[in-house]
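# The sequence isn't on hand, but the structure is:
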RNA sequence: GGCCCCGUCGUCUAGUCAGGCCUAGGACACCAGGUUUUCAUCCUGGCGACGGGGGUUCAAAUCCCCCCGGGGUCACCA
């Protein structure tokens, strides 16, 4: 290994962070961390119309949420500041002027109307749309004179003959015939530089050694490689990551569903699960490991191991993975992360969450194996917040209870026995055992007691062990629910 | 359409570079059992793929050719 790699993630703040972009960032970051390299962030905000500070903030926030940190960036600064493309305009112009001076690029006075017409005609006659190089042969004096006279022009790159080859860690050696590369525009008529131009200027200035980015940039690469050479710069290594596809097999787009990272955050996905799942789209730790930590990613990731084919996003597996993380994480952290959703659902206030932290943790513990996302908790524990006399009974639960004749009497009899044993804190294990004994002594099958009991305590057909529920409810509310239930069952 | 890329269970993938260890492994989903007071978790088992056709070879998911299918890209967007 030579120098530690310098890699970058360069989002444009024209929208929220896309999960495909998040994966690209993640791979870049992992590669840098694995090799003791540098991971930098550069904001590509050259599209002044659509770029906003709010999007930039949201993108950085999303990366942080995933646990990605960076060594240089718009917020941190660094040795190659500024890290916002719009702030590097002078440097871009300097390099553009140099290229023009050297003849590596040329002024093109063709109007955009002419170009559009040309393209239409080419397409109509079955040709490939490309600039016809009308201005390529303009003599320097003529070019200078027309520019001096105020005639508008763009600056085009003079693509040489031959072919362009570059190394790609994912695809191997890639070669494009230069004949297929258009004399592309570097600087627009309004004197602003275009993406393919600035990306090279900035990557070169920031001494980026490896460019890992989406596959959709593959055809831009020969243009950029040619530019590096024209600038007399060393060409970096590339790795074009296969695109993440939607269910329809097409490139994920904002239209086909939840592609914004923020959506997953809002939905209550654990960020660790998001990281893990994203990695699995195109990369695998080995032949059998599904769940792995960020540390394991960092210890093993290489762009050379990324697959070539696109991956269709599978929401079901994603949900499963979220559940895995939720079940295996510490109770404290799961509780902490569930709390905002409990508050948002109106079940508890922020103050209550703080005061009854242990109680909430107990509630989380009672339900965590039944949920996949933090956001699913409120609905599962809502029954604990209901009025004891008017608990909502689900049909399935009532049906189960009614399977047993004399359910109301059974409950009444059980409550008489239970009441003195309802204390706080509850010895759940002891009560579970003795309750079963009670049922046996009264010649009752276990379900004949427990199904009616589940109905009156939770109102649901399924749910946690109800000695957990009793503990959560506390002695008074527990008794109140059973009493109310007996009355309701008897009346029904 | 031109150029480029990709093609292993429905999905994510291991295996392809260095042909035999692959009667193709793991995971999600699905199905069937087991555990459990219920639901869920968990455990066991099952279902299920080398896109097709030709070669090369003693031997091909792996190498070659053709076909088919899918995708990306062709802006004074990034």
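Cool, got the structure. None of the values given here were measured: they were computed from a predicted structure.
# looking at chain A, which helix or strand is least sure?
Lowest on mean pLDDT, DSSP states H and E among the helices and strands of chain A sits strand A:244-245, with a mean of 88.
# Between the two ends of stretch A:80-88, what distance do you get?
Taking C-alpha to C-alpha, to the nearest Å, stretch A:80-88 runs 10 Å from one end to the other.
# Give me the residues contacting the least confident helix or strand of chain A.
Contacts to strand A:244-245, defined as C-beta atoms under 8 Å, 6 or more residues apart in numbering, come from residues A:19-20, A:23, A:251-252, A:281-282, A:310-313. Where C-beta positions appear, they are placed from N, C-alpha and C, glycine not excepted.
# starting at the chain centroid, how far to stretch A:392-403?
Remark: stretch A:392-403 is offset 40 Å from the chain centroid, using C-alpha atoms, centre = their mean, to the nearest Å.
# Would you check how far apart the nearest residue to residue A:484 once chain neighbours are set aside and residue A:466 are?
Leaving aside its chain neighbours, residue A:484 sits nearest to residue A:389 (4.6 Å; criterion: C-beta to C-beta, 6 or more residues apart in numbering). To residue A:466, residue A:389 is 19 Å away according to C-beta to C-beta, to the nearest Å.
# Look at those two and report which has more neighbours.
Set side by side, residue A:389 and residue A:466 show more neighbours around residue A:466, with 21 against 12, by other C-beta atoms under 10 Å.
# check contacts around the spatially closest residue to that one that is not a sequence neighbour.
Closest residue to residue A:466 apart from its sequence neighbours, by C-beta to C-beta, 6+ apart: residue A:457 at 5.3 Å. Listed by C-beta under 8 Å, 6+ apart, the contact partners of residue A:457 are A:466, A:469-470, A:473, A:478, A:481-482, A:485.
# Need the buried ones from the contacts of strand A:244-245 selected in ChimeraX.
Here is the ChimeraX selection string for the buried members of the contacts of strand A:244-245, based on 16 or more other C-beta atoms under 10 Å:
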select /A:19,20,23,251,252,281,282,310,311,313
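# Let's have the contacts of strand A:244-245 in TSV, adding distance to residue A:324, secondary structure and pLDDT.
Listed next are these as TSV, based on distance: C-beta to C-beta, whole Å; DSSP: H, G, I helix; E, B strand; the rest coil; pLDDT from 0 to 100:
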residue	distance to residue A:324	secondary structure	pLDDT
A:19	19	helix	93
A:20	23	helix	93
A:23	19	helix	96
A:251	28	strand	83
A:252	23	coil	79
A:281	17	coil	95
A:282	20	coil	94
A:310	25	coil	91
A:311	19	strand	91
A:312	21	strand	91
A:313	18	coil	89
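# Columns distance to residue A:450 on top of the contacts of strand A:244-245, output as a markdown table?
As requested, the contacts of strand A:244-245 are exported to a markdown table (distance: C-beta to C-beta, whole Å):
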| residue | distance to residue A:450 |
| --- | --- |
| A:19 | 44 |
| A:20 | 49 |
| A:23 | 47 |
| A:251 | 52 |
| A:252 | 47 |
| A:281 | 44 |
| A:282 | 48 |
| A:310 | 50 |
| A:311 | 46 |
| A:312 | 44 |
| A:313 | 42 |
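# Residue A:325: how many residues sit nearby?
Using other C-beta under 10 Å, residue A:325 has 20 neighbouring residues.
# my bad, residue A:194
As a burial measure, residue A:194 scores 17 neighbours (other C-beta under 10 Å).
# interface residues of the stretch 151-300 of chain A facing RNA strand B?
Residues of the stretch 151-300 of chain A lying close to RNA strand B by C-beta under 7 Å from any atom of the strand are A:152, A:154, A:171, A:174, A:176-177, A:180, A:182, A:185, A:188-190, A:192, A:194-196, A:215-220, A:242-243, A:245, A:249-251, A:280-284, A:286-288, A:290.
# mind listing which of those are in helices?
A:195-196 (DSSP state H).
# What's the ChimeraX line that selects buried ones from the residues of the stretch 151-300 of chain A next to RNA strand B?
Only the buried entries of these go into this ChimeraX selection, using 16+ other C-beta under 10 Å:
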select /A:154,171,174,176,185,192,194,195,196,215,217,218,220,242,243,245,251,280,281,282,283
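# if we can go back for a sec, nearest to RNA strand B, of the contacts of residue A:457?
Closest approach between those and RNA strand B, by C-beta to the nearest atom of the strand: residue A:466, at 5.5 Å.
# For the closest one, give me its contacts.
For residue A:466, the contact set (C-beta under 8 Å, 6+ apart) comprises A:450, A:453-454, A:457-458.
# Go back to those residues and keep what's next to RNA strand B.
Checking the contacts of residue A:466 against RNA strand B (C-beta under 7 Å from any atom of the strand), the matches are A:450, A:454.
# Let's see which of the contacts of residue A:466 end up in helices.
Counted as lying in helices by DSSP H, out of the contacts of residue A:466, are A:450, A:453-454, A:457-458.
# can you pull the buried residues of stretch A:427-441?
A:431, A:435, A:438-439.
# from those, which ones fall inside helices?
Here DSSP H is the test, and the buried residues of stretch A:427-441 give A:431, A:435, A:438-439 as lying in helices.
# can you give me the strands in the stretch 51-200 of chain A?
For the stretch 51-200 of chain A, applying DSSP state E, counting those that start in this stretch gives strands covering A:105-108, A:154-157, A:163-168, A:172-177, A:185-187.
# which intervals of chain A have sub-threshold pLDDT?
Along chain A, segments meeting pLDDT under 70 span A:1-2, A:254-258, A:491-492.
# In the record's domain split, what are the boundaries for it?
A:1-75+A:242-328, A:87-241, A:330-384, A:386-492 (automatic domain parsing).
# for the second one, how far is the first residue from the last?
Taking C-alpha to C-alpha, domain A:87-241 runs 29 Å from one end to the other.
# do the third one as well
Domain A:330-384 stretches 23 Å from its first residue to its last (C-alpha to C-alpha).
# Any residues of the stretch 351-492 of chain A in contact with RNA strand B? List them.
Counting by C-beta under 7 Å from any atom of the strand, the stretch 351-492 of chain A comes close to RNA strand B at A:369-370, A:432, A:436, A:446-447, A:450-451, A:454, A:461-467.
# Show me which of these are buried.
Buried subset of these (neighbour count, 16+ other C-beta under 10 Å): A:450-451, A:454, A:461, A:463-464, A:466-467.
# now, the most widely separated pair of these?
A:461 and A:467 (17.7 Å; C-beta to C-beta).
# Quick check: buried residues in the strand or helix carrying residue A:225?
Assigned by DSSP states H and E, residue A:225 falls within helix A:221-230. For helix A:221-230, burial by neighbour count (16+ other C-beta under 10 Å) applies to A:221-228, A:230.
# what's the closest of those to residue A:57?
Residue A:57 lies nearest to residue A:224 out of the buried residues of helix A:221-230, by C-beta to C-beta, at 28.7 Å.
# excluding its backbone neighbours, what's nearest residue A:300?
Spatial nearest neighbour of residue A:300, excluding adjacent residues (C-beta to C-beta, 6+ apart): residue A:285 at 5.8 Å.
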